[in-house]
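Engineer: what would the 3D arrangement of this be:
(one chain, ligands or ions: 1)
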Amino acid sequence: MVIETHPHDVLIIGAGGAGLRAAVACIEAGLSVGVVCKSLLGKAHTVMAEGGMAASLANVDDRDGWTTHFRDTMVGGYRLNNPRMAELHAREAPDRVRELEGWGAVFDRTSDGRILQRPFGGHTYPRLAHVGDRTGLELIRTLQDRSVAVGVQVYQEVIITRLSVRGGRVDGAIGYRRIDGKPMAFPAKAVVLASGGVGRAFAVTSNSWESAGDGQALAYRAGAELIDMEFVQFHPTGMVHPTGVKGLLVTEAVRGEGGILRNSEGERFMYRYLPESRRDEYAASDDEARAWVDDLTEGRQTKHHRPPELSTRDNVARAIYTEVKEGRGSPHGGVFLDISYLPPERVRAKLPSMYEQFKELADVDITAGPMEVGPTMHYIMGGIRVDADAATTTVPGLYAAGEVAAGLHGSNRLGGNSLTDLLVFGRRAGEAAAEAAAAASGTAPQELDPRFVDESIAAMYEPFERPSGEDPNRLHEELQATMSSLVGIFREEADLREAIDRIEGYKERWGGLRVTGPRRFNPAWDLYFELRSMLIVSEAIARSALEREESRGAHSRLDFPGSSEEWDKVNVAVSRDGEGMDARTTPVVELPAELAEYIVAKG
Ligand SMILES: Cc1cc2nc3c(=O)[nH]c(=O)nc-3n(C[C@H](O)[C@H](O)[C@H](O)COP(=O)(O)OP(=O)(O)OC[C@H]3O[C@@H](n4cnc5c(N)ncnc54)[C@H](O)[C@@H]3O)c2cc1C
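Structural biologist: Numbering: from 1, shown residues only. Below you'll find the model as predicted:
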């Protein structure tokens with residue numbers, strides 16, 4: 001079948017921060033680049049990012065530097081991170097932020113006109129360059145301007161359903177345009193996956209509708225390895241009320257600016273949950289925590305320790321979950337987060353979106369009283385295994401960057417490290433893909449293998465042709481309920497086995513789903529493909545979680561409560577094995593001695 005075909009040297013799947021930064025790198029290398037996205041340019045999930053991007057610019061505290069950022073990232077990830085990725089990220093983040101500023105990003109400023117930085121959980125010093133609590137919007141706006149200026153070609157509202165692999169090499173992708181349901185082919189010399197996260201596999205999530213794990217699943221189906229899929233980050237603070245907005249993010253910037261967590265008994269409970277090994281990094285009393293906030297507010301370098309609320313996300317999420325479970329929760333099943341002790345004008349200036357969000361959606365004035373918050377599925381540390389320097393996956397011709405890729409964050413991501421991840425590794429993926437495409441002889445392939453095209457199109461339209469079958473929405477709800485109840489913050493063997501059994505059943509049911517109505521903007525049809533992705537990533541999460549018999553970072557096993565040395569040395573990898581999924585351990589990337597010295601001191 002002859003279909004609309006757009007050949008490019010490099011195809012980039014995703015127009016979030018990672019995809020757009022990769023596109024700029026490819027175009028600057030003089031190549032033809034196509035960017036495909038499910039929504040509109042400027043609307044990718046990255047636009048929702050709030051608190052900021054972490055880089056050791058040392059503008060607020062001159063003791064900061066890349067080695068401390070490296071240490072914080074490795075310690076925060078419980079040393080399961082790929083150390084080379086953590087090193088590159090820490091070293092290059094400041095340049096990427098300054099570059100963004102040069103392209104027109106308008107950051108908040110220090111009194112002497114430099115980029116202002118705010119504190120965030122797990123970061124030793126104030127490190128997050130930010131624009132109020134709308135940093136993602138500014139990042140996307142700037143990268144969008146830049147990529148349009150250099151001449152990016154964007155295919156909007158297109159869903160990629162399959163990667164083409166010829167002779168063991170990825171040589172393009174196929175999908176359909178949501179606007180008219182027509183198939184589209186994208187032959188390319190190299191493909192960069194920058195397709196974001198997997199939040200929609202869970203019932204309560206802060207993620208946008210685009211985050212269905214498509215990229216992880218496309219790569220897996222093409223033969224790539226996924227690693228660290230057991231590490232799913234539950235952000236401690238999402239809205240819990242009203243029901244319609246449950247899960248919507250309450251940025252960590254609220255705690256970064258001094259927000260205090262209390263249970264229904266009025267207790268500031270986070271003191272009780274600080275890990276012994278890191279207790280000395282946090283304030284010992286309310287007075288010290290307040291002195292730290294006052295220094296921050298006045299823009300002074302502080303000698304005080306940070307408040308206990310700025311513990312790492314995994315720890316704060318478990319603490320809130322436990323408080324609620326043990327009966328000390330707020331009326332709507334969360335806990336209280338209070339910033340109203342600060343002057344109202346400061347709260348409104350530093351947290352304008354949060355002020356509006358609570359006012360509009362919950363009728364709560366956060367300058368006058370506390371918010372109610374609880375954990376929400378927020379980010380996946382796991383994803384496609386990539387090489388640190390060049391973002392290559394285990395399949396030739398395929399590159400990955402941003403949330404879809406794994407390695408940088410280990411078992412727990414520090415807030416703010418994602419936005420700089422997008423910039424550092426988006427650029428690296430773009431440059432490496434461009435280099436590979438330039439080295440490949442001749443022009444980009446003009447078409448995909450006709451047999452691949454015919455098969456893919458038949459599979460695309462199959463759910464419309466079934467005379468009867470189940471609605472994708474029901475299956476989606478069941479999957480979300482299973483993932484939230486059996487593969488959530490706390491896990492145990494029986495639950496994980498039950499989840500895997502159920503997912504096996506859902507996979508069979510997926511083959512019988514029916515879609516009715518037109519092909520034009522049909523959300524059930526989109527969901528049909530997204531569900532296949534969510535089933536793959538859900539199975540990968542559950543199987544990896546079952547494999548890792550310890551608790552570490554964002555992975556908490558009730559039946560294996562502590563972390564173990566043996567598990568210190570391995571990642572869990574999954575890949576396709578015929579029709580089944582193989583989960584196994586693989587050695588971590590060794591920490592070289594010259595980097596080890598930076599983290600030894602704080603273990
Ligand atoms: C509410 C919220 C606030 C956050 N705040 C911060 C913060 O302050 N600091 C920080 O560091 N991190 C933050 N994060 C995390 C961070 O925003 C994300 O990890 C990051 O934006 C992901 O960017 P990305 O470029 O990898 O992908 P995304 O921005 O998720 O973009 C994915 C792109 O891929 C496209 N795509 C997906 N599947 C397909 C397909 N099948 N076919 C075609 N296109 C496809 C999508 O349309 C989209 O364009 C936040 C996350 C949330 C949810």
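Engineer: can you report phi and psi for the residue of the stretch 351-500 of the chain found nearest the ligand?
Structural biologist: Nearest residue of the stretch 351-500 of the chain to the ligand (CB to the nearest ligand atom) works out as G402 at 2.4 Å. Just so you know, the C-beta spots here come from the backbone N, C-alpha and C atoms, and that holds for glycine as well. Note on G402: its backbone torsions stand at phi 90, psi -160 [degrees, to the nearest 10].
Engineer: residues contacting it?
Structural biologist: 14, 16-19, 194-196, 418, 421-422, 425-426 (CB atoms under 8 Å, 6 or more residues apart in numbering).
Engineer: I'd like those residues as JSON lines, with secondary structure and neighbour count appended.
Structural biologist: Converted to JSON lines, the contacts of G402 look like this (DSSP: H, G, I helix; E, B strand; the rest coil; neighbours: other CB atoms under 10 Å):
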{"residue": "G14", "secondary structure": "coil", "neighbour count": "32"}
{"residue": "G16", "secondary structure": "coil", "neighbour count": "32"}
{"residue": "G17", "secondary structure": "helix", "neighbour count": "32"}
{"residue": "A18", "secondary structure": "helix", "neighbour count": "36"}
{"residue": "G19", "secondary structure": "helix", "neighbour count": "32"}
{"residue": "A194", "secondary structure": "coil", "neighbour count": "35"}
{"residue": "S195", "secondary structure": "coil", "neighbour count": "36"}
{"residue": "G196", "secondary structure": "coil", "neighbour count": "34"}
{"residue": "S418", "secondary structure": "helix", "neighbour count": "25"}
{"residue": "D421", "secondary structure": "helix", "neighbour count": "27"}
{"residue": "L422", "secondary structure": "helix", "neighbour count": "28"}
{"residue": "F425", "secondary structure": "helix", "neighbour count": "32"}
{"residue": "G426", "secondary structure": "helix", "neighbour count": "30"}
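Engineer: hang on, the earlier thing: next one: the residue of the stretch 351-500 of the chain closest to the ligand from S311, what distance?
Structural biologist: Per CB to CB, to the nearest Å, G402 is found 26 Å from S311.
Engineer: which residue packs closest to D526, ignoring adjacent ones?
Structural biologist: Leaving aside its sequence neighbours, D526 sits nearest to I159 (CB to CB, 6 or more residues apart in numbering; 6.0 Å).
Engineer: scratch that, P561 is what I was asking about
Structural biologist: Nearest non-adjacent residue to P561, counting by CB to CB, 6+ apart: S551, 5.5 Å away.
Engineer: need the contact list for that neighbour.
Structural biologist: Residues in contact with S551 (CB under 8 Å, 6+ apart) are R557, F560, P561, G562, S563.
Engineer: could you report the pLDDT at it?
Structural biologist: Per-residue confidence (pLDDT) for S551: 96.
Engineer: what's the answer for A444, then?
Structural biologist: pLDDT, A444: 63.
Engineer: R520 belongs to a helix, doesn't it?
Structural biologist: No. Applying DSSP: H, G, I helix; E, B strand; the rest coil, one finds R520 to be coil, outside a helix.
Engineer: confirm for me that it is in contact with D180.
Structural biologist: Yes. Between R520 and D180 a contact is recorded at 5.6 Å, counting by CB atoms under 8 Å.
Engineer: what touches both of the two?
Structural biologist: Listed as contacting both R520 and D180 by CB under 8 Å, 6+ apart is no residue at all.
Engineer: whether the helix ranked longest in the chain contacts the ligand - can you check?
Structural biologist: What stands out as the longest helix in the chain, according to DSSP state H, is helix 523-547. No. With CB under 6 Å from any ligand atom as the criterion, the ligand is not reached by helix 523-547; the gap is at least 7.2 Å.
Engineer: near the ligand, which residues of the stretch 1-150 of the chain?
Structural biologist: Residues of the stretch 1-150 of the chain lying near the ligand (CB under 6 Å from any ligand atom): 13-19, 36-39, 44-46, 48-53, 135-136.
Engineer: try 8 Å this time
Structural biologist: 13-20, 36-39, 43-54, 128, 130, 133, 135-136, 140 (CB under 8 Å from any ligand atom).
Engineer: inside helices: which ones of those?
Structural biologist: Judged by DSSP H, these include G17, A18, G19, L20, T135, G136, I140 as members of helices.
Engineer: turn those residues into TSV, including pLDDT and distance to G329.
Structural biologist: TSV is the format used below for those (pLDDT from 0 to 100; distance: CB to CB, whole Å):
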residue	pLDDT	distance to G329
G17	98	35
A18	98	37
G19	98	39
L20	98	40
T135	96	30
G136	97	30
I140	97	35
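Engineer: most widely separated two among the residues you listed?
Structural biologist: Greatest spacing in these, by CB to CB: G19 and T135 (17.6 Å).
Engineer: leaving aside the residues next to it on the chain, what's closest to S208?
Structural biologist: S208 sits nearest to H45 (CB to CB, 6+ apart), 4.1 Å away.
Engineer: residue contacts, the nearest residue to H8 once chain neighbours are set aside?
Structural biologist: Distances taken as CB to CB, 6+ apart place G34 nearest to H8, at 4.0 Å, with adjacent residues excluded. Going by CB under 8 Å, 6+ apart, G34 touches H6, H8, V10, L11, I12, Q153, V154, Y155, F186, A188.
Engineer: from those residues, pick the one nearest P236.
Structural biologist: Using CB to CB, the contacts of G34 come closest to P236 at I12, 32.8 Å.
Engineer: what does the stretch 501-603 of the chain put close to the ligand?
Structural biologist: Near the ligand, when you scan the stretch 501-603 of the chain using CB under 8 Å from any ligand atom, you find F529, E530, S533.
Engineer: can you add pLDDT and give the residues you listed back as a markdown table?
Structural biologist: As requested, these are exported to a markdown table (pLDDT from 0 to 100):
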| residue | pLDDT |
| --- | --- |
| F529 | 98 |
| E530 | 98 |
| S533 | 98 |
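Engineer: SS state for D9?
Structural biologist: Under three-state DSSP, the three-state class of D9 is strand.
Engineer: would you mark the buried spots in stretch 351-360?
Structural biologist: Residues of stretch 351-360 classed as buried: L351, S353, M354, Y355, Q357, F358 (neighbour count, 16 or more other CB atoms under 10 Å).
Engineer: make sure I159 is actually in contact with G181.
Structural biologist: No. Under the criterion of CB under 8 Å, I159 is not in contact with G181, lying 10.2 Å apart.
Engineer: still on that earlier bit, per-residue confidence at the residue nearest to D526?
Structural biologist: We have a pLDDT of 98 for I159.
Engineer: just confirm it is within a helix.
Structural biologist: No. Applying three-state DSSP, one finds I159 to be strand, outside a helix.
Engineer: tell me how many other residues surround it.
Structural biologist: Per other CB atoms under 10 Å, the neighbour tally for I159 reads 21.
Engineer: could I get the contacting residues of it?
Structural biologist: By CB under 8 Å, 6+ apart, I159 lies in contact with K38, G175, Y176, R178, D214, D526, F529.
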